[in-house]
Every structure is written in structure tokens, then in C-alpha cells.
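1. Just to be clear, the model below is a prediction. Sequence and coordinates:
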Amino acid sequence: MILLCALAALVQGAPFEPPVSIRVVGAARTAMVAVVRLEGQPAVRADELLAPLGGRLSRIDEGRWTLALPGLTLDIRDGLPFAGTVNGAVPLGAAPRWVAGVLVLPLSLVTELMPRLGGFRYDAARAELVGAGVVARAASEPSGTVFARASRVAPAAATVPTAEAPTPGPRATPRRPTGGKAARSPGDRRIVVVDAGHGGPDRGMHGPIGGRSTIYEKDITLAVATRLADALRDRGVDVIMTRTTDTLIALSDRGRIANRMRGDLFLSVHVNAANPHWRDPGTARGFETYFLAEAKTEDDRRVERMENEAVRFETSADAPKNDPLAFIINDMAQNEHLRESSDLAATIQRSLGTVHPGPSRGVKQAGFRVLVTAYMPAVLIEIGFGTNPAEAAWMSDEAKQQLIAARIAGAAVEYLARYERRVGTTP
Ligand SMILES: [Zn+2]
């Protein structure tokens, strides 16, 4: 537990001390908004936040609202720690609540979501939120000043995917589909989040069937993920690992870590296991790459069940109060990330095929919890069958782990280059 907290502090930077109030600089006016506590989490009142920004809150239904901000529209539900956007659902960190006639929103909506999706700028040191399109000097004006509607800040704000109001200029299309940095200049380094499957009490699969020595999935995934991180850094990509030690990270937190660190890609590394009811299960071999969608075949559902099993190792405190899986998967069905993720999966699958001794089992889709909370192209790679003696030995070999890591890293970099050409963030 201590380890877990230490790691959480590590990936989130310095311990987070919420401000007493934040200064909101909007096109309408500037106002101080008090930071309140909601179930122990920092939060703000929706009405106080919206007024200076010229935003509007409309009730759609019981416990459901549309939050219309300049350049960003969110679907908010009472008690659900996700917000709906035109690009799918995004995690909020904590659930909004309707308290005594007032909608209270988690502070992370202001500090993370609005900057990432709506082109707002949040300065943590000054505890100041500046509205999208409000000129920079507005930030230094004294509180209470009334500002004229300012011109948009380009091109930073223009590259941000907006919920409605399409942003002018050629850079507005195509929309940037990843959950990465809201605005990226050509020189910016990409961030890949590397997730070593399982860990701590959750050992994952073990094998091989009929083999003398036993391998555990959590050890193989950590070894490969660590090499993958190095291989990516060697290729000029910044890397965040969800775990670097033998520890348990809740499935939902893995994606949240990725979002917090503004990852561009999420790669989850796993080891496959044959169904013991198969005829001669020890002979099953090969590698496959999944992206998030509803499982299509019984075999895909088997892998989905197996990887989602880790939830039972998580304490109730780790688990989300409302299970958003069904809601999210529905939302993700129209999500642009699906195309991006399936393209990424195909690239990885092709690349691994050049070194893997087993057959390619192809690109597949399933509803992995670990991918649900990652708001960016995300894939889960089953690097081989740990139940097969030959593949278990192959994956345990350090030189082979290096080879697997290099091929996945190569594929990720190839995908990123292709993606940048497509959206034109490189000159
Ligand atoms: Zn696994």
C-alpha cells in the first residue's frame, strides 16, 4: 500500500495541495471562485465557474446536464466520474454532485479537462484559469475587470478538438483525436504510456503447461515493459510507466495515470494463456494485439475475462462507485480512437511478426477495463502464450525480451510518425 502511494505520488509529481480559490479569467469578466470540498475532493460550484466564462448549464434530465463552455460542451451526470464529449467519454477523476440545488464539479475538470479539451489555460502556480480565446494579457489584469470579447488564440486553441463551435482556420481539421497535450508545437516530444500488465498479488497467468520451471505473467510483462520504455526513449519518445516495480495498480488507475500524464499512446503488455478445456491447450501459440471495443468472438471474450479478472485483487476503494463500462463502451463505439487504436494495433502486429516464432493471431477487439479509462489510442498486446513451453522459454529469454520491446517500440514510433503526417502537426 505504501509502495502504491509512493508510486502514485511519483507519477503525479509533488503532493497535490489544492488552492483555496481559483481566479477565473473569462471573456465576460474575471472572478474568484472558491474551492470547496466534495467527499474529500477539491471541487467548484458550476454556477460560479460558468459566470465569468460566459458558459451555461442546462438540465437535460433528472441528474443530467449539459455544460456549455466556449469551445467545449460536456455531458455531466450526477454521481458519474465521467463526462461525455463528442469524442467519447472522458474520466473526471471524481464524480460531480448535485448538492442542495447546486451542481458541484471536481476541480480536475478545471485543472485538467478544460485545458486538454477546450483550449483553456490553467496555471497551477497562480491557481488561475484563463478562458479559451481570452488574450494572454488578460491574465495580469486586476480582478473584476470587464473584458471585451477577445480574438482567439491561434494556433494553440485551434488544434484543440472542440465539442461544438468548430474552430476557424485550416488547423481545425482534422480534429486531434488523442487525449494528449491540448496543443502541441512541432518540436514537442510525444509521450507513450507503457503499462506492464498485472503486478503484486495479481500474478496474472502462470505456465507453461507441463513445463519444469514456472513463469508468472507479471514478471514477464514488467521485464518487457521496462525494455520497451528504454527502446522508446532511445527513439526520442518520452515514456511514462504505470508501474516500475512488482506492485498492484488498479485497472482503472492505469488509464487515469495515462490521462494525467497527457499520454499520446497507451501500450499494455500481457501474456496469453490457453483455455484448459481446449484440446491439447499446451500447443496454443502466437501473439495478438487488442484494441478497445466489444468482444466479437468467444476466444476474444476469453482473453477479455482473463485480463479483467485483476479487478478482484483491487480493494473496493480502488473500484469506481458506478460501473461506467457499458456507458463508456457505447460511447467509444463512435469514437475516433477506435480507428486510431486499430491502426496502431495492426502496426504492432505486423512489426512483431518479423521476430516472433509463433503465428500471428491478428488484430482483435475486446472490452478491456485497462483500456477504458485511457483517453488516447490504446492497445493491449498479448506477446505470446505462457502456457506453451517453447513460447514461455522464448519470452523468458532476455535477448528475446529485448527483441519484442524493440519491435513494439518501432511500431509505436512508426504509428506516431504516420499520425503526425495525417494531422499535420509536423511541418
Ligand atoms: Zn494479462
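-> Thanks, I have the structure now. Owing to the predicted nature of the structure, the values given are computational and were not obtained by experimental measurement.

2. Residue numbers of this structure in contact with the ion?
-> Neighbours of the ion within the chain, by C-beta under 5 Å from the ion: 197, 204, 270, 307. Heads up, the C-betas are built off the backbone N, CA and C, glycines and all.

3. where does the first one fall, phi/psi-wise?
-> Listed backbone geometry of residue 197 is phi -60, psi 140, with angles given as degrees, to the nearest 10.

4. And it, how far from residue 216?
-> 11 Å (C-beta to C-beta, to the nearest Å).

5. Name the residue of this structure that lies nearest to the ion.
-> Using C-beta to the ion, residue 270 is the residue of the chain that sits closest to the ion, at 3.4 Å.

6. thought that residue was touching residue 222?
-> No. If you go by C-beta atoms under 8 Å, residue 270 and residue 222 don't touch, sitting 11.5 Å apart.

7. between those two, which one's more packed in?
-> Counted by other C-beta atoms under 10 Å, residue 270 and residue 222 do not tie: residue 270 has more neighbours, with 29 against 22.

8. How is the more buried one assigned, secondary-structure-wise?
-> Going by DSSP: H, G, I helix; E, B strand; the rest coil, the secondary structure assigned to residue 270 is strand.

9. On the pLDDT front, check it for me.
-> Here, the pLDDT recorded for residue 270 equals 96.

10. any idea how far it is from residue 113?
-> Remark: distance between residue 270 and residue 113 (C-beta to C-beta) = 29 Å.

11. what do you get for residue 197?
-> 27 Å.

12. Give me the more crowded residue out of the two.
-> residue 197 (29 against 26).

13. ok now do the more buried one, which residues does it touch?
-> 204, 217, 218, 221, 268, 269, 270, 271, 307, 370, 380 (C-beta atoms under 8 Å, 6 or more residues apart in numbering).

14. Would you confirm that the last one belongs to a strand?
-> Yes. Judged by three-state DSSP, residue 380 forms part of a strand.

15. Below-threshold pLDDT in this protein: ranges please.
-> 1-17, 40, 87-89, 100, 135-187, 293-294, 314-336, 373, 424-427 (pLDDT under 70).

16. Does the residue sitting nearest the centre point of it fall in a helix, a strand, or a coil region?
-> The centre of the chain sits closest to residue 374, judged by C-alpha atoms, centre = their mean, with a distance of 2.3 Å. Following three-state DSSP, the label given to residue 374 is coil.

17. just residue 253 next, same as before
-> On the basis of three-state DSSP, residue 253 is classed as helix.

18. and what of residue 43?
-> Applying three-state DSSP: residue 43 is strand.

19. my read: it touches residue 35, true?
-> Yes. Using C-beta under 8 Å, residue 43 is in contact with residue 35, at 7.2 Å.

20. out of those two, which sits in the busier spot?
-> residue 43 (25 against 17).

21. Leaving out sequence neighbours, find the closest residue to the more buried one.
-> Closest residue to residue 43 apart from its sequence neighbours, by C-beta to C-beta, 6 or more residues apart in numbering: residue 104 at 4.9 Å.

22. List the buried residues in the helix or strand encompassing the one you found.
-> Assigned by DSSP states H and E, residue 104 belongs to strand 102-106. Of all the residues in strand 102-106, those buried under the rule 16 or more other C-beta atoms under 10 Å are 103, 104, 105, 106.

23. report the angle between the axes of that strand and strand 41-45?
-> 140 degrees (axes from the mean of the first three to the mean of the last three C-alpha atoms, to 10 degrees).

24. Filter the contacts of residue 197 down to the buried ones.
-> Among the contacts of residue 197, those scoring as buried are 204, 217, 218, 221, 268, 269, 270, 271, 307, 370, 380 (criterion: 16+ other C-beta under 10 Å).

25. now the helices for the stretch 101-250 of the chain?
-> Ranges of helices in the stretch 101-250 of the chain, per DSSP state H, counting those that start in this stretch, are 108, 114-118, 217-234.

26. looking at those helices, which is buried most?
-> Most buried of the helices of the stretch 101-250 of the chain, by mean neighbour count (mean count of other C-beta atoms under 10 Å): helix 114-118, with a mean of 24.
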